[in-house]
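1. generate a structure from the sequence data that follows.
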Amino acid sequence: MTLELWQQLVIAGIVLVILEVLTPTTFFITLALASFVTAAVSLVTENMNILVPVWVVSSLIFLNKTFKPSTLFNII
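-> Prediction:
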């Protein structure tokens, strides 16, 4: 049984959500959300030259939304 690329990305996202629950930080949720976005894009194309930048850019966008400089300084 071979999984489709979008199925692999959804499984990776679920694993990252589970890791998020087990850790006290909110880092893994950004990667999980990026995996889900990339899974949605992979339904349209399976070109890795498109999917890798989609994952990186969406990770950075979600990371920027999650970790704002003001919240980081409040923790410290």
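2. who touches whatever helix or strand Asn64 lives in?
-> Using DSSP states H and E, Asn64 maps to helix 48-66. Helix 48-66 has contacts (C-beta atoms under 8 Å, 6 or more residues apart in numbering) with 5, 26-27, 29-31, 33-35, 37-38, 41-42, 45. The C-beta positions use only the backbone N, C-alpha and C, and glycine is treated the same way.
3. if we use 7 Å, what do you get?
-> 26, 30-31, 33-34, 37-38, 41-42 (C-beta atoms under 7 Å, 6 or more residues apart in numbering).
4. mind putting those into CSV with distance to Leu51 and secondary structure?
-> Below are these laid out as CSV (distance: C-beta to C-beta, whole Å; DSSP: H, G, I helix; E, B strand; the rest coil):
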residue, distance to Leu51, secondary structure
Thr26, 24, coil
Thr30, 17, helix
Leu31, 14, helix
Leu33, 15, helix
Ala34, 11, helix
Val37, 10, helix
Thr38, 6, helix
Val41, 6, helix
Ser42, 6, helix
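5. just send those residues back as TSV, with pLDDT and neighbour count too.
-> Below are those laid out as TSV (pLDDT from 0 to 100; neighbours: other C-beta atoms under 10 Å):
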residue	pLDDT	neighbour count
Thr26	82	13
Thr30	91	21
Leu31	93	21
Leu33	94	20
Ala34	95	24
Val37	96	19
Thr38	96	25
Val41	96	17
Ser42	95	22
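6. can you mark which positions in stretch 1-17 are buried?
-> For stretch 1-17, burial by neighbour count (16 or more other C-beta atoms under 10 Å) applies to 6, 9-10, 12-13, 16-17.
7. what's the first-to-last distance across stretch 13-31?
-> Across stretch 13-31, the terminal residues are separated by 7 Å (C-alpha to C-alpha, to the nearest Å).
8. so where is this structure shaky, pLDDT-wise?
-> 67-76 (pLDDT under 70).
9. columns distance to Pro53 on top of the contacts of helix 48-66, output as JSON lines?
-> As requested, those are exported to JSON lines (distance: C-beta to C-beta, whole Å):
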{"residue": "Thr26", "distance to Pro53": "23"}
{"residue": "Thr30", "distance to Pro53": "16"}
{"residue": "Leu31", "distance to Pro53": "15"}
{"residue": "Leu33", "distance to Pro53": "16"}
{"residue": "Ala34", "distance to Pro53": "11"}
{"residue": "Val37", "distance to Pro53": "12"}
{"residue": "Thr38", "distance to Pro53": "10"}
{"residue": "Val41", "distance to Pro53": "10"}
{"residue": "Ser42", "distance to Pro53": "13"}
